[in-house]
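In: Would you be able to build a 3D model of this:
(5 chains, ligands or ions: 4)
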Amino acid sequence: TKTALSDQDVLQTDVKDNTITWGVKADTKLFGLMDIKDSKVKGFEIDLAKAMTKEILGKNGKAVFVPVTSQTRVPLLRNGNIDAIMATMTINPERAKQVDFTKSYFDAGQAILVKKGSPIHSVKDLNKKGAIVLGVTGSNSVQNIGKFAPKAKVLQLSDYAQALTALKSGQGDALTTDNGILYGMSVENPNYVVVGGSFTNEPYGIAVNKGQTKFKNRLNKALTKVEKDGTYNKLLDKWFGHVKGFNYEEMKR
Amino acid sequence: MQNFIDAYSWINIRYLLQGLRVTVEVSVASIILSYIFGTILGIIRYAKIKYFSAIIGFVIDLIRNLPLLLIIFFTYFGLPNLGFKPAILEAAILAMTVFESMMIAEIVRSGIVSIDSGQMEGALSNGLTYWQGLRIILLPQAMKNMIPALVSQFISLVKDTSLATIIVLPEMMYHAQIIYGQNSNYIIPMFVALAVLYFVVCYALSLLSRYLDRRLA
Amino acid sequence: MSMIEFHDVQKYYGDFQALKNINLTVEAGETAVVIGPSGSGKSTLIRTINGLEPIQDGKLIVDGYDLADKKTDPNKIRKNVGMVFQHFNLYANKTVLQNIMLAPKIVLKRPDKENQELAMSLLEKVGLASKANSYPRQLSGGQQQRIAIARSLAMRPKCLLFDEPTSALDPEMIDDVLNVMKDIARDSSMTMLVVTHEMGFAREVGDRVIFMDDGQILEDDTKEQFFDGEPTNERARQFLSKIIVHK
Amino acid sequence: MSMIEFHDVQKYYGDFQALKNINLTVEAGETAVVIGPSGSGKSTLIRTINGLEPIQDGKLIVDGYDLADKKTDPNKIRKNVGMVFQHFNLYANKTVLQNIMLAPKIVLKRPDKENQELAMSLLEKVGLASKANSYPRQLSGGQQQRIAIARSLAMRPKCLLFDEPTSALDPEMIDDVLNVMKDIARDSSMTMLVVTHEMGFAREVGDRVIFMDDGQILEDDTKEQFFDGEPTNERARQFLSKIIVHK
Amino acid sequence: MIHIFATQWQSLLYGLGQTLLCSIIALFFSLIIGSLFAIFEIMPNKLMRVIGRIYVEVFRNIPLLVITMFFFVVLPLYVAKINGFTAGTIGLTIYTSAFIAETVRSGIQSVDDGQMEGALSNGLSFWQSMRYIILPQAFKIVIPPLGNQFINLVKNSSVLAFVAGFDLMYEGNMIANDTLQTMPTYFAIGILYLIITMPLSYYMRHLEKKLA
Ligand SMILES: Nc1ncnc2c1ncn2[C@@H]1O[C@H](COP(=O)(O)OP(=O)(O)OP(=O)(O)O)[C@@H](O)[C@H]1O
Ligand SMILES: Nc1ncnc2c1ncn2[C@@H]1O[C@H](COP(=O)(O)OP(=O)(O)OP(=O)(O)O)[C@@H](O)[C@H]1O
Ligand SMILES: [Mg+2]
Ligand SMILES: [Mg+2]
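Out: Numbering: from 1, shown residues only, chains lettered A, B, ... in the order given. Ligands and ions are numbered 1, 2, ... in the order given. Purely as a prediction, here's the structure:
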C-alpha cells in the first residue's frame, strides 16, 4: 500500500539491489530518445543518470531505464515502479507540493521557434490578440507564455513532432518549449529558426517521492560530484556540442 | 518526398512492424477473452435473474460509459494499490478485456432480444429448459445477427489498443511516435504508414465478417 | 386419471382477464377441437397447459402435475406434452433432422442410434424423409409444419397441443398437414387438443368440440351433439355458420 | 386502350425462368382472377405489372407505358396502379390514417383537408373508421388487409392488383375483406387482377379466370366457360378439384 | 479529487462544454452522413453500392487520429486553415459516420422487404420510401448498437486533446501536468464523461423499451 511504499527507504533498497530505476523520456531528442536499432534509450539524461548511479552504487551499480510519459511519470513513481524521474521536468512550486525535487541538473530556458522571415523576433511580438503559440503537453511553458505574452493564445499538442508539424501547417505563429529541444528541431528543419534567445529559466530537477529525503540528499551529493569531476561538462559537450546556435558553454558547471 | 523515402528505411519499417505485432497480440488476446466474457455477461443481463442481472447491468453500463483510456490508466496505476501489480502488457490486455466485454455484452443482449420469441417457446414446449433453449437455440441465431455489430466493435478494439501508448505499451502507435521522435519530419509519413497498416488489419476483420455473414446466412 | 383438468382457472394479462373461470377435463386418448372467434382465449388456454403462461387462480392439473403450484417444474410436463404452433417455430439454426433429434438427445438422453432411427421413421411418416438435411427456411410452410409435428412426436408425448396448425398455410398445403394429424388422432393412446377452424378435421377424428368466446367456454359438446344437433349457444351457432359458409 | 398488355414476356430469376412466353390482355374495367399451384408464377406475373420485378424479354404495356423500356419510370405507372399484398405490408411505423394519407400527400401533393376527408370516407367504406389512430400491429389481419385496400384506393388508381389478399387471414376475417373487394369490383371503371383461391369471389364478380402452371398461362376463360363448362386443361381440372374439395 | 473539482472547476467546465458541443455536432452530422452511405450500400445501382462500401471500409478501418491529423495539419497546407476543434469534429464525424453507416445498413436490411414494396407500389419513390418508411423502422431496430456508437463517439471526442481542441481530456492533461495530481485528475475526468454518457445510454435504453 501507499504508506508502506513511502515508508520504505528507497536508498536502502537500491543499495541492497545494486540498482536504481529511473523514469526517463523515450521520445525526446538529445535528452532521452529510444534508439530504434538497439531499443536502448539514449541521451544526455540517460548518460547523466548512469554517471550518478555509478557514483552512488559504485562501478558495478546498475541503472535501469523505464520510459515514461508526462501522464505516467508521477503514478509510476508513487507506485514504486521507478525510484526517480529524470525526464525534462521543470521544477516549480505547484509540482513541489506533490514530489520532492533535487537541485537542478540542467538549466534550460524557454525560447520560441518561428519560420524564417517571420515578423516575430521575440516573445514580446507574440503579445497581441490573435497570436497563437504552440506548446507541448506536459511542459512548463504555458504559464510562462501567460506571463510574457498574456494576450497570446496557447495550444498544447501531444508531442514535439506534432507541434512542429502544426507550426508548419500554420496552426500557430510560433512554437515554444525549452531551447535545447528547439535547436534540435531547427537542425532538422533549416527553414525554422530560434529567435530572441531564452526568456525564462527552466531548471530541470530529478523528482523523488515525498519523504525520501535520504535518497534525495544522496542524489544531490552525486550530482555535485559529477559536476565537480568534469563528467557533467563532458556529457554536455557530447550531446549539445554540435547543436548549432545552442550556447552550451554558458551552461557548463 | 525525401521525407517519405528516409522515413521508410528498412530499420524504421521493421520497428513499426514490431509494434504491429504487439498490437495484433493484444488485440487477439482481448478479442478472444472479451468475446467469451461479453457473451456470458450479455446472457446474464438478458436472462433477468433477480437482482443479479440488474447489478451486472449497472456495472456494464458504468464501465462501457467510461473512456477506455481511463480504464487502462486505472488498471495500470490503480490496481497496485489493491495489491495486484500487472505488467504493462497484462494491464493493457486486462483493461481492454474488461472494457470490450461490456461493449460486447450489450451487443449480445440486444442480439438475443431480436430473435423471434417463438424460438424460445418452441424449445420450451419441446422439453428443453430455459438455459438449454438460450444456449442451443437463441444464442447461435443471435450470434449470426450480431456479426456486423461485433465486427465493428472488434475493429474499434484493434485501434483502441493504441490508447495503451499512455502506459508505454510498445504497440504500433507508440513505435510510430518513437520513430518520428528521431526526426520530426517523419511524422506525416508515419501517419500514412499507420493508416495503411491499421487498414490492412481491420479490413481483414471486415472481410472475415462478410465471409461469416454469407456462410451463416 | 384425466390428462388435463382445469378447475376454476383464471388467467390475467396485467388487468385484462383472458381466461374466465375455466373448467375442463380432457381424458387420455381423447381428441378435442377448440374453436372460437379471434381473441376469445383459445391460444391462451392451450399455452397455459404447456406452462408457457402462468395462471393466476384455480387449479390446472396436467399429466398429474399441478401447474398452479409454483413448485411444479413445467419441464416435467413438457416432456410428455408436446405443442405445435401456428408459425411452426422450428429451430432456424438447425437442420430438419437436428430439429427432431435435439430434445430427445439432451432432455431424454436417448442414444444416438435409436434417436436417429426414430427421427427418420417419423420423417417417413410425415412424408419428408428426403428433407432431413434441409434447413427450415428452405421448406414450404406445409412442410415446416409437418416437421414441427414430427419434432413433437419424437419425444413420444402422451399429449399433443395444436394452436391453429394450418392457418398460416397455403390452401393446397393444408391437406398434407391435416392428414398427418388425422393419423395421429387415430392412434387411440394419444391425447390431442387442437385449436383449428378445419371443421372437416373435427368431423372426421374429433371426439369433442369446445367453443370459446370472451375468455369463457360456452359450449363443450361431443362431436355428434355439435354437428348433428345444433350448438345450444347462440354465438356458437353464429360463428359456425360464418366459418362454414365462407369455405 | 387496354389496361395491361403482355406480349411474349419472359422473366428469369437468375437462370430460372419464372414466366414463359406470357401473352395476356386485360381491358379497363375488367376483373380477372388468377389461380394456380404454388410456385406457378402468379405472384411474379402480378409483380412485373407493378414494376417490382424487371422482365427480360417481350413487351409489357401498363396504362400506356412500356415497362420493358428502361427509360420508363415505374413510379408513373404505380400512381395509377395499386397493389395489395398477401401480408398487407402496411407501414409499421405509421398509424392507419397516416398509412392512407402518406402517398397522396407526398406523391400527389393532395391538400391535407381533401386528403383527410377521402381517407376517412375510405375508412368508413371498409368499416374501420374507429381504427384511424391505431397502429397496424394493433389490428387483426383482416382489419390490416382492409386498411391496405383503403390505402391503395386513396391514390384513386385505375387498376388494382391483389396477390392472395386473404390467404394469410383467419377464416372468419376473410369475408369482410372479400366484401370490400366485391364492392370495388362492382364499380365498373376499376380494373382488377386478383390472385386468389377464393372461388366464391371469382364466381360472384370475376369476368375471367386465368390458370397458371409452371410459369405459363394454361387457361384463360370467361367465368362462364370456366365454371359451367369444365376447364379444358387437365392440370387446371385437377387443381380446381383439390382446392374446392378441401374447403 | 474533490480538491481538483474545487480548484479547477473552470477548466473542467470549459472542457466539458467543448466535449459536449463537439459530440452534439458530430452526432448530428454522422447520423445523417452515415444513413446516407448506408442507403448507398443497399441501392440497386451498383456504382452507388461500391461508393458506399469504399467509404465505410476506408474510414472505419483507419485510426481516428490519422483522419483528424489530416484535417489539422495537411489540409491547411493546401486548402484552408481550420482550428483543432473543427478538425477534430470533422474527423470524428467522418469516422463515426462510417460505423453508423454499417449499423444502419444492417438495420435497413432487417426491415421486412414488404415495407419497401408496399411503399413503392403505393407510388412513393425509392428515396421517399427510405425517408418515410424504411429508415424510421431501421433506426428502431438498431437502437442498441447505435447507442454503443453514440457512446463511442462521445468518448472518441477525446481526439480533440491531440489537436488542442480544449476538450475535457485536453483540460485534464493540462491539470494533471500542472498539479502532478494525476490519478485524482483522471478520476474527475472519468466522472465528467459519465455525466454525458450515462444519461445518453439510459436514454437509448428508454427509447428501445418505448419503441419495442
Ligand atoms: N401477452 C399478452 N399480453 C396482453 N394481452 C394478451 C397477450 N396475449 C393475448 N392477449 C389478449 O388475450 C386475449 C386472448 O388472446 P388469445 O391469443 O388467447 O386469443 P385467440 O383465441 O387465440 O385468438 P386468435 O384466433 O386471434 O389466435 C386477446 O384479447 C388478446 O389480445
Ligand atoms: N426472388 C426470387 N429469386 C429466385 N426465384 C424466385 C424468386 N421469386 C420467386 N421465385 C421462383 O419463381 C417461381 C414462381 O414464384 P411465384 O412466387 O411467382 O409463385 P406463386 O405462383 O405466386 O406461388 P405461391 O402460390 O406460393 O405464392 C417459383 O419457383 C419461385 O421459387
Ligand atoms: Mg390464437
Ligand atoms: Mg405468390
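In: Distance check, C:Glu53 against C:Ala32.
Out: In this view, C:Glu53 and C:Ala32 are 19 Å apart by C-beta to C-beta, to the nearest Å. Bear in mind the C-beta positions are built from the backbone N, C-alpha and C, glycine included.
In: higher neighbour count, these two?
Out: Regarding C:Glu53 and C:Ala32, a neighbour count based on other C-beta atoms under 10 Å in any protein chain shown identifies C:Ala32 as having more, with 23 against 17.
In: Now do stretch A:167-179, average pLDDT.
Out: For stretch A:167-179, mean pLDDT rounds to 91.
In: right, is it up against chain B?
Out: No. Stretch A:167-179 does not reach chain B (C-beta under 8 Å from any C-beta of the partner chain); its nearest approach is 9.3 Å.
In: Surely A:Val15 touches A:Lys62?
Out: No. In terms of C-beta atoms under 8 Å, A:Val15 does not count as a neighbour of A:Lys62; the distance is 11.7 Å.
In: Point me to the residue of the stretch 151-253 of chain A nearest chain D.
Out: Residue of the stretch 151-253 of chain A nearest chain D, by C-beta to the nearest C-beta: A:Ser158 (45.7 Å).
In: ok, and for stretch A:97-110, which residues are buried?
Out: For stretch A:97-110, burial by neighbour count (16 or more other C-beta atoms under 10 Å in any protein chain shown) applies to A:Gln98, A:Val99, A:Asp100, A:Phe101, A:Thr102, A:Ser104, A:Tyr105, A:Phe106, A:Ala108, A:Gly109, A:Gln110.
In: mind saving the C-alpha coords of it as PDB?
Out: Output of stretch A:97-110 as PDB, limited to C-alpha atoms (Å, rounded to 0.1, in the frame of the first residue of the first chain):
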ATOM      1  CA  LYS A  97       3.800  20.000  -3.400                       C
ATOM      2  CA  GLN A  98       3.400  16.600  -4.900                       C
ATOM      3  CA  VAL A  99       7.000  15.400  -5.300                       C
ATOM      4  CA  ASP A 100      10.400  16.300  -3.900                       C
ATOM      5  CA  PHE A 101      12.900  17.800  -6.400                       C
ATOM      6  CA  THR A 102      16.700  17.600  -6.300                       C
ATOM      7  CA  LYS A 103      18.600  20.700  -7.200                       C
ATOM      8  CA  SER A 104      18.600  21.500 -10.900                       C
ATOM      9  CA  TYR A 105      20.600  19.300 -13.200                       C
ATOM     10  CA  PHE A 106      20.100  21.300 -16.400                       C
ATOM     11  CA  ASP A 107      19.300  24.900 -16.800                       C
ATOM     12  CA  ALA A 108      17.100  25.000 -19.800                       C
ATOM     13  CA  GLY A 109      15.500  28.200 -20.900                       C
ATOM     14  CA  GLN A 110      12.300  28.700 -22.800                       C
END
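In: picking up where we left off before, sitting in strands, which of the buried residues of stretch A:97-110 do you find?
Out: Among the buried residues of stretch A:97-110, the members found in strands (DSSP state E) are A:Asp100, A:Phe101, A:Phe106, A:Ala108, A:Gln110.
In: which residues touch the fourth one?
Out: Contact partners of A:Ala108, counting by C-beta atoms under 8 Å, 6 or more residues apart in numbering or on different chains, are A:Thr88, A:Thr90, A:Asp178, A:Asn179, A:Gly180, A:Ser198, A:Asn201, A:Glu202, A:Pro203, A:Tyr204.
In: go with 7 Å
Out: A:Asp178, A:Asn179, A:Gly180, A:Glu202, A:Tyr204 (C-beta atoms under 7 Å, 6 or more residues apart in numbering or on different chains).
In: Which among those count as buried?
Out: If we count by 16+ other C-beta under 10 Å, the contacts of A:Ala108 have these buried: A:Asp178, A:Asn179, A:Gly180, A:Glu202, A:Tyr204.
In: which phi and psi does the last one have?
Out: In this case it means A:Tyr204. Main-chain torsions, A:Tyr204, degrees, to the nearest 10: phi -80, psi 140.
In: Ok, the one 10 residues further on next?
Out: With angles defined as degrees, to the nearest 10, A:Lys214 shows backbone torsions of phi -60, psi -50.
In: Right, and chain A sits closest to which residue of chain C?
Out: Nearest residue of chain C to chain A (C-beta to the nearest C-beta) works out as C:Asn93 at 47.2 Å.
In: Confirm that that residue sits in a helix.
Out: No. Assigned with DSSP: H, G, I helix; E, B strand; the rest coil, C:Asn93 falls outside any helix and is coil.
In: now the residue nearest to it when sequence neighbours are not counted, what's its secondary structure?
Out: In this structure, C:Asn93 finds its nearest non-sequential neighbour in B:Pro140, 4.6 Å apart by C-beta to C-beta, 6 or more residues apart in numbering or on different chains. Of the three states, B:Pro140 takes helix under three-state DSSP.
In: now swap in E:Ile54 and tell me
Out: Strictly by three-state DSSP, E:Ile54 counts as helix.
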